[in-house]
Structure formats: C-alpha cells, structure tokens
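Enquirer: Everything below, folded, please.
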Amino acid sequence: MGFPGTWMTESESMVYRVVPKCACSTIGQIMFYSDHGEFFDGDIHDAQTGLHKWALDHSKDPITQRIQAHDTYAFTCVRNPYTRILSSFFDKICGIQRNGKRYRGNLVPLLIQKYGIEVGGDDGKQEFDQIKSFRRFLLFARDTIRWRRPMDPDIHWSAMSGHISTFIVNGGRYDNIFWTESFNDGMAEVLSHVETQKPVDLAKIPRFNESEGHGPKRAHPVEDYFDDLSMHLVYEIYKKDFDLFRYDFENPANKMPIGEIDLDEVHAKLGD
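Expert: Numbers count the residues shown, from 1 in each chain. Sure, this is the predicted structure:
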C-alpha cells in the first residue's frame, strides 16, 4: 500500500501526511518555500515539481526510504471534527470548485435527489436553510462511512484517524501531530526540529485557504448546526478523532482541544 497522501520536501528535511481540511494547503506551501525561498504559483495540490508527493512515481522511492529509516522529521496536523465536517460541507457540497464545476460531478445532484439537500442554487450564492441541509449532508456522510452507500466515503469527510493510520501501519512513525487551532505554535515546533534550505518566518506566511470563497459563508455559529441527533452522528463517525486528538465532543462551540495528544497512544491504537 505504501504511503498515500504523503508529501516530502525535495531536500528530505521533513515528511508530512496530508489530512484534508486541516491546513494542508498552507503546510504544503511552507514546505515548498523552505526548499525554494518562494511559494508555488497556484494551488499546491496541483504542483508536479518542487515537492515530493506519493502520487508522483519518481517520489515513491525517496519517500519510502526516508520514512522507513525514521531519519526525517515526520508530522501531520488535525482539526476539530465539528468544524472540519462543516468546512467540507460548505466547500465541497455547496461550493463551485476551482475548475468552475461542482465537486465530483454528479455528487451534488445525487444529494439533492436522495437526501433533499439544498446548496444555494447553481452558483451557491442564493439563500437556503444551511442548518437543515447540513444535517441531511451529515446523514449522507455517515452512510458513506458506515455502509459505503450510496458511494465510498470521500477523503474530505472520512475520519482523520483513517488518513493518519496508513502512515503508521506501513512502518512510519510521527514525531509530531499538532492542531490546526494552534497552527503557528505547531508549525514552529516542526520547523525547530528541521534544517531548511531557506529561512521561514511563520509570522509572514499567508494562509493558503484554497477552499475560501468556493461556497456560501457560514451564516450561524458552529454549535447551531449540531442538535442532539447530529452530535450523535458526528460521534459515531469521528469517535477515534475526538478521543485521540483530544477534542471536546460535548461542546461543539469549543473548537479548542481539551488535553495533550499522546503520540504513543496514537501509534498503538492506529497501528493495528
């Protein structure tokens, strides 16, 4: 299986396991900048050069060697499951993607037909009942993850622990897992352990939010989207994420973690 979703600087200074909707665009650009002293011109997910990626054939050997040797600093980044699934809904379901089309072609029409979801019209800009539609999307997300119906789960709403575990199962070990919610502290910790080709001043790094502006703006506080049933569904899908990465399941309004991540526990529980 190898190391899907893994990126590494060309200088082999650091290895990163991408977790969708967890600041991956910004992290990728920082990695690119740390080697080249400039940012990739465009969405870093489109870069075919300047960064090793598991999806590129010439990158597979160097990534595998560094991960198996455990001599390159390896990290990933996580996010509160409540805000992550909300962000997926507004970006991927309601939003028009950067190619000018809906995400995954017939996905949105399927959701409108089977789950009664509204997405703000053809351009995603019209008024609609965001809370009602989001809760119906949550049912769909649960169906894809639990029963793989009406389709396989998408990487943007499948559990973070699932993404993170592939790295461990295939012989990798994380040196650091940090929270999107305290991004600068976490990324500073990573950079303090590696020698970069070019100096990186985190205070001057812009946020590369590639999904910004794709979809309608969230009209309500996070907690308004989650009633008792939705919280139950979220816990059913993301129990491991809440437990391992120390997020507050009881209070959707609290996006901050409530404890420290135990790396040994993560490796033990996700390495089966």
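
Enquirer: Helices of this structure, start to end?
Expert: Using DSSP state H, the helices of the chain run over residues 24-36, 57-69, 81-88, 107-115, 130-147, 160-169, 183-192, 228-245, 263-270.

Enquirer: Residue 124: which of those is closest?
Expert: helix 107-115 (9.6 Å; Cβ to Cβ). Any C-beta I mention is one placed from the backbone N, CA and C, and that applies to glycine too.

Enquirer: any idea of the mean pLDDT in the closest one?
Expert: Here helix 107-115 scores 93 as its mean pLDDT.

Enquirer: about what we covered before: tell me which of the helices of the chain sits nearest to residue 254.
Expert: Taking these one by one with Cβ to Cβ, helix 81-88 is closest: 9.0 Å.

Enquirer: Show me what that closest one is packed against.
Expert: Secondary-structure packing of helix 81-88 (3 or more Cβ pairs under 8 Å, 6 or more residues apart in numbering; DSSP states H and E): helix 130-147, helix 228-245.

Enquirer: and that helix, how far out from the chain's middle?
Expert: Its chain's C-alpha centre and that of helix 81-88 lie 10 Å apart, by Cα atoms, centre = their mean, to the nearest Å.

Enquirer: avg pLDDT for it?
Expert: Across helix 81-88, the per-residue pLDDT values average to 96.

Enquirer: For that helix, C-alpha coordinates in PDB please.
Expert: Extracted C-alpha coordinates of helix 81-88, given in PDB (Å, rounded to 0.1, in the frame of the first residue of the first chain):
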ATOM      1  CA  PRO A  81     -14.200  17.200  13.800                       C
ATOM      2  CA  TYR A  82     -17.200  19.600  14.100                       C
ATOM      3  CA  THR A  83     -15.500  22.400  12.200                       C
ATOM      4  CA  ARG A  84     -13.900  20.000   9.700                       C
ATOM      5  CA  ILE A  85     -17.100  18.400   8.600                       C
ATOM      6  CA  LEU A  86     -18.800  21.800   8.400                       C
ATOM      7  CA  SER A  87     -16.000  23.200   6.300                       C
ATOM      8  CA  SER A  88     -16.300  20.100   4.000                       C
END
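
Enquirer: okay if I get the helices and strands packed on helix 81-88 as CSV plus mean neighbour count, mean pLDDT and distance to residue 209?
Expert: As requested, the helices and strands packed on helix 81-88 are arranged in CSV below (neighbours: other Cβ atoms under 10 Å; pLDDT from 0 to 100; distance: least, Cβ to Cβ, whole Å):
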stretch, mean neighbour count, mean pLDDT, distance to residue 209
helix 130-147, 18, 96, 19
helix 228-245, 17, 97, 21
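
Enquirer: Using TSV, lay out the ones you listed together with distance to residue 79.
Expert: Formatted as TSV, the helices and strands packed on helix 81-88 follow (distance: least, Cβ to Cβ, whole Å):
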stretch	distance to residue 79
helix 130-147	15
helix 228-245	9
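
Enquirer: okay if I get the helices of the chain as TSV plus distance to residue 5?
Expert: Below are these laid out as TSV (distance: least, Cβ to Cβ, whole Å):
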stretch	distance to residue 5
helix 24-36	9
helix 57-69	11
helix 81-88	16
helix 107-115	21
helix 130-147	17
helix 160-169	6
helix 183-192	17
helix 228-245	16
helix 263-270	14
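
Enquirer: and of the ones you listed, who's closest to residue 50?
Expert: Closest to residue 50 of these, according to Cβ to Cβ: helix 24-36, at 5.5 Å.

Enquirer: Could you list the residues in contact with that closest one?
Expert: Identification of contacts with helix 24-36 by Cβ atoms under 8 Å, 6 or more residues apart in numbering yields 7-11, 13-14, 16, 18, 39-40, 43-45, 47, 50-51, 77, 183, 187, 191, 194, 196-198, 200, 202, 205-210.

Enquirer: could you redo the last one with a cut-off of 7 Å?
Expert: Residues from elsewhere that reach helix 24-36 (Cβ atoms under 7 Å, 6 or more residues apart in numbering): 7, 9-11, 13-14, 16, 18, 39-40, 43-44, 47, 50-51, 77, 187, 196-198, 200, 205, 207-210.

Enquirer: next one: stretch 236-246
Expert: Stretch 236-246 is contacted by residues 78, 81, 141-142, 145, 159-161, 235, 247, 249, 257-261, 265-266, 269 when judged by Cβ under 7 Å, 6+ apart.

Enquirer: That'll do, ta.
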